[in-house]
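>>> Dropping the sequence and predicted coords here.
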Amino acid sequence: MKGFKDFVMQGNVIDLAVGVVIGGAFTALVTGFVTYIINPIVAAAGGADSIGLGFMVRPGNEATFVNVGALISAIITFLITAAVVYFVFVMPMTKAREFANRNKPVEAEAAPEDIVLLTEIRDALRTNSNPQA
């Protein structure tokens with residue numbers, strides 16, 4: 001049970017849970033915006049006597065109505081959601097990581113052992129061939 005408790009109490013799990021809850025609430029908000037504001041505007045583009053922006057594959061059969069307005073609404077919903085996720089979550093996290101990494105000292109990569117050995121041999125040869133140096 002201790003391992004499970006430690007797992008649940010990790011910051012990542014709690015952050016994920018908060019993100020899912022906020023994402024659900026935000027999805028409802030965007031869906032409402034598109035349903036009650038964008039859809040009527042898109043449907044008005046279909047004309048005064050039409051049922052929306054689209055066309056009937058078989059005239060008189062409402063089951064064959066191709067609803068182009070619904071597709072446009074889904075695209076708008078996606079774009080709004082993606083923009084908010086990017087500007088609220090992704091961009092701040094990227095900036096925070098850049099800020100955190102900026103303060104870390106950059107460690108030079110260790111040279112391979114053969115390069116270190118060759119450098120020592122070179123330095124020893126220089127010292128032996130030029131004793132004043």
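Thanks, I have it.
>>> show me the contacts for Ile80.
Val30, Phe33, Val34 (C-beta atoms under 8 Å, 6 or more residues apart in numbering). For the C-beta atoms, the positions are set from N, CA and C on the backbone; glycine is no exception.
>>> Would you mark the buried spots in the helix ranked longest in the chain?
Ranked by number of residues, the top helix in the chain under DSSP state H is helix 11-33. Neighbour counts over helix 11-33 (16 or more other C-beta atoms under 10 Å) mark Val30 as buried.
>>> shaky segments in the protein?
Along the chain, the model assigns pLDDT under 70 to residues 7-11, 13-14, 46-51, 106-108, 130-133.
>>> center of it - which residue?
By C-alpha atoms, centre = their mean, the chain has its centre lying nearest to Val90, at 5.2 Å.
>>> ok, now how distant is that residue from Ala96?
11 Å (C-beta to C-beta, to the nearest Å).
>>> how about the strands in this structure?
Under the criterion DSSP state E, the chain contains strands at 54-56, 65-67.
>>> any chance of these in TSV, plus distance to Asp15 and mean neighbour count?
As requested, the strands of the chain are exported to TSV (distance: least, C-beta to C-beta, whole Å; neighbours: other C-beta atoms under 10 Å):
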stretch	distance to Asp15	mean neighbour count
strand 54-56	42	15
strand 65-67	38	15
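>>> ok so, going back, ok, residues contacting the longest helix of the chain?
Phe7, Thr77, Ile80, Thr81, Val84, Phe89.
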